[in-house]
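Trainee: whatever this is, show me its structure:
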Amino acid sequence: MQVFGNHEENTLRQLERVGERASKVALMADGHLGYVMPIGGVAAYENQVSVVGVGFDIGCGNAAIRTDLGLADLGDNPGRLRKAATQLADEIADTVSFGVGRKNLADDAPVDDPLFQDPAWGALPARERTALEHKARAQLGTVGSGNHYVDVFADQHDRIWVGVHFGSRGFGHTIACGFLALGQGAAWGARVPEREVLLDLDSALGNDYWHLMNLAGRYAYAGREWVARKVVSLLGGKELELVHNHHNFAWRETHGSAEWIVVRKGATPAFPGQTSFVGGSMGDDAVILRGAVSRDAATEALQRAALFSTVHGAGRVMSRTQAAGKRNRRGKVLSPGRVSYDMMRDWVNEKGVVLRGGGLDESPHVYRRLPDVLRAQGDTIEVVHTLRPLIVVMAGAEEWDPYKD
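Mentor: As a prediction, this is how the structure comes out:
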């Protein structure tokens, strides 16, 4: 069991319980308590997949595009840059849909993507397929809420990047819930506890889940790439480089001489030379990482122990309720939170970020600092680019979204 960084005892105990069922486990430095398996956890199984391990937001991940634009193309002095960033933030918020449903200006999402013709759809219960396909088409290219975002960055060379973070929306959530129920002997659509369900891939149920999980992954990729490219077009730029990765998914991988099903729940693949985009918070820098290419035996051993994985973000240190407090349906404060709007505004303003949306439960105060968790990963990764946020667009605090986590 490989553990990076420092963690609470309940998180470590949760990883140990996963280790009782998996062949190998690891925990990244941004880890914290999750459903059954900790966020930041990695587990390798022999021809089995964990439904709860992959999670409810199947294929959640990050995509970043480096554009042909430089900082000076947005504004040649601080005043003009701030004005341009403000206008662009409003345009992104008006064009891209956050929360539930497609309610903003963009109407050219790829709802006829070839993924809708994939044979895996046939694994769904017949009475559910039509409704789920309709939901999937309606939500493709919507960002959702919670910690999902669209950002515009400048790197260390003042080159402009666009970054996005979200997953498979209600489509993936429905698949996860359906197989969680079937795996516990209940009917599709039944509400069941968040318990471990390991599906043998040689079984009919496991085979169906595997193909639908991969379909949800394709769906997430299509949505993220469309949103990121839409924002690049709003900027008036061209795409020069795409960095794209899931961090809630399962892969069939060979490690040493053995083949495993590797489940990463809030963890990013980081094989030698593989690049990934990892965000911090609305008020912190993000990074483009690369799995280290090393001839150092100790580093290579650490990479193998991590199952060639790394962090997916900075990692929460405060729950949503701890941060924002608790209110009743009428908005009355039942218990105050630890973060105020003044605290959040002061942080992002000092960083120079133009923020649209975002609730107290996503304030920078609720996260670790990304440089700290990257340092805890040791020499297993290399920072290729550091991305300073200029614009952050998220769903507003009042936006209800059942698929935000």
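
Trainee: give me the next element, helix or strand, following the helix of greatest length in the chain.
Mentor: Longest helix of the chain, by residue count under DSSP state H: helix 204-235. Downstream of helix 204-235, the next assigned helix or strand under DSSP states H and E is strand 239-246.

Trainee: tally of neighbours for the residue nearest to Val353 when sequence neighbours are not counted?
Mentor: Leaving aside its chain neighbours, Val353 sits nearest to Pro389 (5.1 Å; criterion: C-beta to C-beta, 6 or more residues apart in numbering). (C-beta placed from N, C-alpha, C; glycine too.) Pro389 has 26 neighbouring residues, counting by other C-beta atoms under 10 Å.

Trainee: can I take it that Pro389 is in a strand?
Mentor: Yes: assessed with DSSP: H, G, I helix; E, B strand; the rest coil, Pro389 lies in a strand.

Trainee: so what's it up against?
Mentor: 151-153, 282-286, 351, 353 (C-beta atoms under 8 Å, 6 or more residues apart in numbering).

Trainee: then His165?
Mentor: Contacts of His165 (C-beta under 8 Å, 6+ apart): 60-62, 147-149, 279.

Trainee: got phi/psi on the most centrally placed residue in the chain?
Mentor: For the chain, Gly61 is the residue whose C-alpha lies nearest the centre (C-alpha atoms, centre = their mean; 3.6 Å). Main-chain dihedrals, Gly61, degrees, to the nearest 10: phi -170, psi -170.

Trainee: coming back round to it: any idea which of the contacts of His165 is closest to Gly183?
Mentor: Lowest distance from Gly183 to the contacts of His165 (C-beta to C-beta) belongs to Cys60, with 20.5 Å.

Trainee: tell me the pLDDT at the closest one?
Mentor: The model reports Cys60 with a pLDDT of 97.

Trainee: Ser168 is in contact with that one, correct?
Mentor: Yes: checked against C-beta atoms under 8 Å, the pair Cys60 and Ser168 is within contact range at 7.3 Å.

Trainee: among these two, which residue is more densely surrounded?
Mentor: Between Cys60 and Ser168, counted using other C-beta under 10 Å, the more crowded position is Ser168 (35 against 30).

Trainee: contact partners for the more buried one?
Mentor: Applying C-beta under 8 Å, 6+ apart, the residues near Ser168 are 57-60, 175, 216-217, 219-220, 223.

Trainee: just to revisit the earlier point, out of everything not next to it in sequence, what's closest to the residue nearest to the centre of the chain?
Mentor: In space, and not counting its chain neighbours, Gly61 is closest to His246: 3.9 Å by C-beta to C-beta, 6+ apart.

Trainee: ok, Ala72 next?
Mentor: Here the residue nearest Ala72, using C-beta to C-beta, 6+ apart, is Asp158, at 7.2 Å.

Trainee: and if you look at Met37?
Mentor: Nearest to Met37 is Gly53, by C-beta to C-beta, 6+ apart, at 4.7 Å.

Trainee: and Ala186, how far from Phe116?
Mentor: Here the criterion is C-beta to C-beta, to the nearest Å. By it, Ala186 lies 28 Å from Phe116.

Trainee: and these two? Which one has more around it.
Mentor: The residue with more neighbours, out of Ala186 and Phe116, is Phe116; 16 against 13, by other C-beta under 10 Å.

Trainee: contacting residues around that one?
Mentor: 133, 136-137.

Trainee: swap in 7 Å and give it another go.
Mentor: Contact partners of Phe116, counting by C-beta atoms under 7 Å, 6 or more residues apart in numbering, are Glu133.

Trainee: now the helices for the stretch 201-350 of the chain?
Mentor: Taking DSSP state H, counting those that start in this stretch, the helices of the stretch 201-350 of the chain run over residues 204-235, 297-305, 320-324, 341-351.

Trainee: now these as JSON lines including distance to Val164?
Mentor: Formatted as JSON lines, those follow (distance: least, C-beta to C-beta, whole Å):
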{"stretch": "helix 204-235", "distance to Val164": "5"}
{"stretch": "helix 297-305", "distance to Val164": "27"}
{"stretch": "helix 320-324", "distance to Val164": "21"}
{"stretch": "helix 341-351", "distance to Val164": "19"}
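
Trainee: quick one: closest of the ones you listed to Pro125.
Mentor: helix 204-235 (10.2 Å).

Trainee: and the angle for the closest one with strand 239-246?
Mentor: Relative orientation of helix 204-235 versus strand 239-246 (axes from the mean of the first three to the mean of the last three C-alpha atoms, to 10 degrees): 150 degrees.

Trainee: where in the stretch 51-200 of the chain is pLDDT low?
Mentor: 101-104 (pLDDT under 70).

Trainee: what ranges do the helices span in it?
Mentor: Under DSSP H, counting those that start in this stretch, the stretch 51-200 of the chain gives helices at 51-54, 71-74, 78-95, 126-139, 169-182.

Trainee: just name the most buried of those.
Mentor: helix 51-54 (a mean of 27; mean count of other C-beta atoms under 10 Å).

Trainee: give me the residues contacting that one.
Mentor: Under C-beta under 7 Å, 6+ apart, the answer for helix 51-54 is 35-37, 43, 176, 179-180, 183, 194, 196-197, 199, 209, 213, 248-250, 263, 265.

Trainee: biggest separation within the contacts of Ser168, which pair?
Mentor: Farthest pair in the contacts of Ser168, by C-beta to C-beta: Ile175 and Gly223, 15.0 Å.

Trainee: one step back: ok, which of the helices of the stretch 51-200 of the chain comes nearest Tyr341?
Mentor: Using C-beta to C-beta, the nearest of the helices of the stretch 51-200 of the chain to Tyr341 is helix 78-95, at 17.7 Å.
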